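J.: Show me the folded form of this:
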Amino acid sequence: MGTQESRESQEPNGQDRGTARRALLGAAVLGAGGAVLGLSGTARADERHGGGQGGGFRGLPKPTVIGHRGASGYRPEHTFGSYQLALDMGADIVEAGDLVPTKDGHLVCRHEPEIGGTTDVSAHPEFADRRTTKTLDGVPTSGWFTEDFTLAELKTLRAVERIPANRPDNTLYNGRWEVPTFEEVLHWQDEQTRKRGKQVWIYPETKHPTYFRALGLGLEERLAKVLRKHGKDGKNSPVIVQSFEPTSIQRLDKLVDNPLVVLLSAANTRPWDFVATGDPRTVADLVKPAGLKWIASYAQGIGPTLDLVIPKDANGALTTPTTLVADAHRAGLILHPYTMRNENVFLPADFRKGTDPNAYGDAFGAFRTYFATGIDGVFSDNADTALLARADFVNG
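T.: Sure, this is the predicted structure:
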């Protein structure tokens with residue numbers, strides 16, 4: 001995604017941690033994944049905007065824990081190793097994955113179409129001439145792009161850790177997994193649903209849809225076709241679809257009946273499709289009651305950056321919550337903000353501990369503060385921490 005759409009377009013890089021990462025917490029695995037929703041490709045609910053405690057996306061545990069690109073705090077993101085670990089930890093939903101197309105039209109799971117930082121493509125001399133510079137949502141971007149590779153060529157690559165300076169431990173797993181296709185993810189979802197005896201949920205995202213539509217690689221039609229093929233395009237299907245471009249969600253609303261979510265970046269930014277079409281509205285306009293009512297006419301939820309829920313001051317510390325949660329709920333929308341991470345460098349300043357930017361801070365305190373606003377769920381790189389924080393919050 002481009003600068004204004006990116007959840008982390010500029011990832012801070014700190015010094016390597018001198019101590020081993022905390023051991024993974026097994027307590028989160030025991031039943032933390034949520035309600036049993038059945039073994040079919042769908043979960044029961046009355047309607048897409050409704051659905052009570054019996055099933056559907058509104059029947060998921062609250063606050064819902066969404067494994068951000070899997071368990072990306074512990075494994076290279078958007079790999080089956082990362083997805084599987086998030087599920088094993090008990091995540092209610094796994095964000096599998098960020099969808100970008102190949103040259104021959106297959107949907108694959110990568111954070112961005114540029115794959116120089118998430119695969120070992122630079123170590124493949126046969127692809128050296130594929131390196132190029134493109135303008136991605138107005139930003140000159142250099143590297144290797146999925147749309148210049150066939151699926152067969154992409155499958156010769158292996159995933160690597162995207163932010164190794166922050167997460168050196170994750171580099172242990174570099175080269176272990178290939179780039180998954182979305183169709184492979186759907187097969188994995190069915191397999192895990194059968195094995196676990198409860199419905200596994202996923203949360204894919206259309207990436208840079210305006211950019212890819214201009215290349216003749218429209219994402220929405222491809223996504224709808226795959227969902228229909230697997231019988232997962234219904235209003236109660238365990239697949240929530242998200243995008244930073246509202247027009248992508250509007251297009252999907254006409255193609256599938258899945259629950260849909262509009263992602264929202266910083267208040268002063270504009271979605272790239274708005275820039276491309278001359279729509280003057282900013283995210284600040286979209287989070288006003290009128291903007292939320294407009295979103296609710298075609299979507300069921302929003303995924304705001306956490307700063308839209310509780311802004312930070314000039315020093316990076318949390319201030320007073322906004323009215324976004326109440327306003328969105330009044331419009332009938334759920335809120336799944338992004339992204340909680342355990343490391344100091346990613347936490348609000350008032351929840352950091354010590355001077356090592358990559359050491360863990362007071363993530364539990366930050367979770368507690370965000371949960372208290374009434375959000376319906378949260379994306380987290382550390383599903384185990386999020387689940388323990390939820391248990392503290394619910395039982396506290």
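J.: Do you have the strands of the stretch 151-300 of the chain handy? List them.
T.: 201-202, 205-206, 241-243, 260-264 (DSSP state E, counting those that start in this stretch).
J.: The longest one - contacts with which helices or strands?
T.: When contacts are defined as 3 or more CB pairs under 8 Å, 6 or more residues apart in numbering; DSSP states H and E, strand 260-264 sits against strand 241-243, helix 246-255, helix 283-286, strand 301-304. All C-beta spots, glycine's among them, are computed from the backbone N, C-alpha and C.
J.: now that strand against helix 246-255, angle please.
T.: With axes from the mean of the first three to the mean of the last three CA atoms, to 10 degrees applied, the angle from strand 260-264 to helix 246-255 works out at 180 degrees.
J.: got a markdown table for the strands of the stretch 151-300 of the chain, with distance to residue 296 too?
T.: Shown next, in a markdown table, are the strands of the stretch 151-300 of the chain (distance: least, CB to CB, whole Å):
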| stretch | distance to residue 296 |
| --- | --- |
| strand 201-202 | 22 |
| strand 205-206 | 19 |
| strand 241-243 | 15 |
| strand 260-264 | 10 |
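J.: Can I get those in TSV including mean pLDDT, distance to residue 85 and mean neighbour count?
T.: Shown next, in TSV, are the strands of the stretch 151-300 of the chain (pLDDT from 0 to 100; distance: least, CB to CB, whole Å; neighbours: other CB atoms under 10 Å):
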stretch	mean pLDDT	distance to residue 85	mean neighbour count
strand 201-202	98	15	26
strand 205-206	98	20	26
strand 241-243	98	21	28
strand 260-264	98	23	25
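J.: how about those, which one is nearest residue 153?
T.: strand 205-206 (22.6 Å; CB to CB).
J.: Tell me which strands that closest one pairs with, and in which orientation.
T.: If you go by DSSP bridges, strand 205-206 pairs up with strand 98-101 (parallel), strand 241-243 (parallel).
J.: now, of the helices and strands packed on strand 260-264, which is deepest in the fold?
T.: Per residue and on average, the most neighbours among those fall to strand 241-243, with a mean of 28 (mean count of other CB atoms under 10 Å).
J.: closest one to residue 254 among the strands of the stretch 151-300 of the chain?
T.: Per CB to CB, nearest to residue 254 of the strands of the stretch 151-300 of the chain: strand 260-264, 10.8 Å.
J.: Touching that closest one from outside, list them.
T.: Strand 260-264 is contacted from outside by 5, 205, 240-244, 246, 249, 252-253, 283, 286-287, 295, 298-305, 308, 334, 336, 338, using CB atoms under 8 Å, 6 or more residues apart in numbering.
J.: residues of the helix ranked longest in the chain that come out buried?
T.: Secondary structure assigned by DSSP state H gives helix 182-196 as the longest helix of the chain. Neighbour-count burial for helix 182-196 flags 182, 184, 185, 186, 188, 189, 190, 192, 193 (criterion: 16 or more other CB atoms under 10 Å).
J.: Need the nearest residue in space to residue 63, chain neighbours excluded.
T.: Closest residue to residue 63 apart from its sequence neighbours, by CB to CB, 6 or more residues apart in numbering: residue 377 at 4.9 Å.
J.: likewise residue 65?
T.: Nearest residue to residue 65, sequence neighbours excluded (CB to CB, 6+ apart): residue 386, at 4.4 Å.
J.: That neighbour belongs to a strand?
T.: No - the assignment for residue 386, made by DSSP: H, G, I helix; E, B strand; the rest coil, is helix rather than a strand.
J.: There's contact between it and residue 61 in this structure, I believe.
T.: No - the pair residue 386 / residue 61 is not scored as a contact, 11.2 Å apart, by CB atoms under 8 Å.
J.: returning to what we had before: turn the helices and strands packed on strand 260-264 into JSON lines, columns for distance to residue 365.
T.: Output for these, formatted as JSON lines (distance: least, CB to CB, whole Å):
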{"stretch": "strand 241-243", "distance to residue 365": "27"}
{"stretch": "helix 246-255", "distance to residue 365": "33"}
{"stretch": "helix 283-286", "distance to residue 365": "27"}
{"stretch": "strand 301-304", "distance to residue 365": "21"}
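J.: between the ones you listed, which gets nearest to residue 147?
T.: Of all these, the one in closest proximity to residue 147, counting by CB to CB, is helix 246-255 (16.8 Å).
J.: Which other helices and strands does that closest one contact?
T.: Counting contacts by 3+ CB pairs under 8 Å, 6+ apart, helix 246-255 packs against helix 209-214, helix 219-229, strand 241-243, strand 260-264, helix 272-277.
J.: and it with helix 219-229, angle?
T.: Between the axes of helix 246-255 and helix 219-229, defined by the same axes, to 10 degrees, the angle is 30 degrees.
J.: Now do helix 246-255: everything it contacts.
T.: Residues outside helix 246-255 that contact it (CB under 8 Å, 6+ apart): 206, 209-210, 219-221, 223-224, 233, 241-243, 258, 260-262, 271, 273-274, 277, 286, 295, 298-299.
J.: Centre of the chain to it, how far?
T.: A distance of 18 Å separates the centroid of the chain from that of helix 246-255, by CA atoms, centre = their mean, to the nearest Å.
J.: Then stretch 359-367?
T.: On the basis of CA atoms, centre = their mean, stretch 359-367 sits 20 Å off its chain's mean C-alpha point.
J.: That one: end-to-end distance?
T.: For stretch 359-367, the first-to-last residue distance is 17 Å (CA to CA, to the nearest Å).
J.: mind checking pLDDT for residue 396?
T.: Listed pLDDT for residue 396 reads 86.
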